[in-house]
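S.K.: The following comprises the amino acid sequence and a computationally predicted model.
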Amino acid sequence: MEFKFSLKWSLLIIGIAGIAFSAIIVSFPASDLSARNLSQSISFEMQTSPGLPARLKIPKINVNTVVEYVGLTPEGAMGVPKGPAGVAWYKLGPRPGEKGSAVIAGHSGYKDKKPAVFDNLHKLVKGDKIYVEDEFGIIATFVVREKRLYDPNVDASDVFGSSDGKAHLNLVTCEGVWDEVTKSRSKRLVVFADKE
């Protein structure tokens, strides 16, 4: 009996709420509720961001390696991978596949002549493909556009930034003669690639 009483009251409340809702809808002119007007007044762009980069693959030069994440060193330079086999994504910039220039660095000409991940980066040419797999297994494909050599102390803002609204991937490594004083090579090789 108590259950029937509660059920009656619940149905009554639901009925009153339904009538009130109907009255509100009827009080608005139809033109205000049209889908066209709603879409004009509420506009947003749904954009899916790529996941964090997990692997870098460059078949032409036999690269298939794990991606580390780095920021800036205390001196203000981009961090580098921990060892010769890995690469490091600059986590303060865009993710590979997002608008802007994602930057990944790797070693070449490693100390004690150990093989390093980007030893053959200089062999890439326009049109070669680079793949970045994210943490969800989704692969972004990039196509090499050009290569450039930089002095280590010049402004390389074009490596880290772009304003064309497209997604780019720039691979960076050391190249040139070893300098015992700076513990670095004399040049920086940058491979510029665009999302396919």
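M.R.: The structure has been received and is ready for your questions. Numbering: from 1, shown residues only.
S.K.: Please make it C-alpha for all contacts and neighbour counts, starting now.
M.R.: Will do.
S.K.: what about the residue nearest to the spatial centre of the chain, distance to L124?
M.R.: With distances taken as Cα atoms, centre = their mean, R95 lies nearest the centre of the chain, 1.5 Å away. Distance of R95 to L124, given as Cα to Cα, to the nearest Å: 22 Å.
S.K.: For stretch 127-140, the averaged confidence score.
M.R.: Averaged across stretch 127-140, the pLDDT comes to 98.
S.K.: Only alpha carbons, please: show that stretch as CSV.
M.R.: Listed next in CSV are the C-alpha coordinates belonging to stretch 127-140 (Å, rounded to 0.1, in the frame of the first residue of the first chain):
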residue,chain,number,x,y,z
GLY,A,127,59.8,13.1,-50.2
ASP,A,128,61.0,10.5,-47.7
LYS,A,129,58.5,9.5,-45.0
ILE,A,130,58.7,9.7,-41.3
TYR,A,131,56.1,8.1,-38.9
VAL,A,132,55.3,9.1,-35.4
GLU,A,133,53.1,6.6,-33.4
ASP,A,134,51.3,8.0,-30.4
GLU,A,135,50.4,6.4,-27.1
PHE,A,136,47.1,5.1,-28.6
GLY,A,137,48.8,3.5,-31.6
ILE,A,138,47.7,6.1,-34.1
ILE,A,139,50.3,6.9,-36.6
ALA,A,140,50.9,10.4,-38.1
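S.K.: which of the residues in that stretch are buried?
M.R.: Residues of stretch 127-140 classed as buried: 129-134, 139-140 (neighbour count, 16 or more other Cα atoms under 10 Å).
S.K.: Tell me which stretches of this protein form strands.
M.R.: In the chain, the strands defined using DSSP state E lie at 53-58, 63-70, 87-90, 100-106, 129-134, 139-150, 167-179, 184-195.
S.K.: Kindly reformat those as CSV and extend each row with distance to F160.
M.R.: Converted to CSV, these look like this (distance: least, Cα to Cα, whole Å):
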stretch, distance to F160
strand 53-58, 17
strand 63-70, 14
strand 87-90, 9
strand 100-106, 6
strand 129-134, 17
strand 139-150, 13
strand 167-179, 8
strand 184-195, 11
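S.K.: What are the neighbouring residues in contact with D119?
M.R.: By Cα atoms under 8 Å, 6 or more residues apart in numbering, the contact list for D119 reads 107-109.
S.K.: gap between it and P152?
M.R.: Taking Cα to Cα, one finds D119 at 18 Å from P152.
S.K.: Excluding chain neighbours, give the residue nearest to V103 in space.
M.R.: Spatial nearest neighbour of V103, chain neighbours left out: N170 (4.8 Å); criterion: Cα to Cα, 6 or more residues apart in numbering.
S.K.: so what's the one you found bridging to?
M.R.: Beta-bridge partners for N170, by DSSP bridges, are V103, F192.
S.K.: Look at the residue nearest to the centre of the chain and report its pLDDT.
M.R.: 97.
S.K.: For the residue nearest to it when sequence neighbours are not counted, give its distance to V159.
M.R.: Excluding its sequence neighbours, the residue lying closest to R95 (Cα to Cα, 6+ apart) is A102, at 5.6 Å. Distance, A102 to V159, using Cα to Cα: 9 Å.
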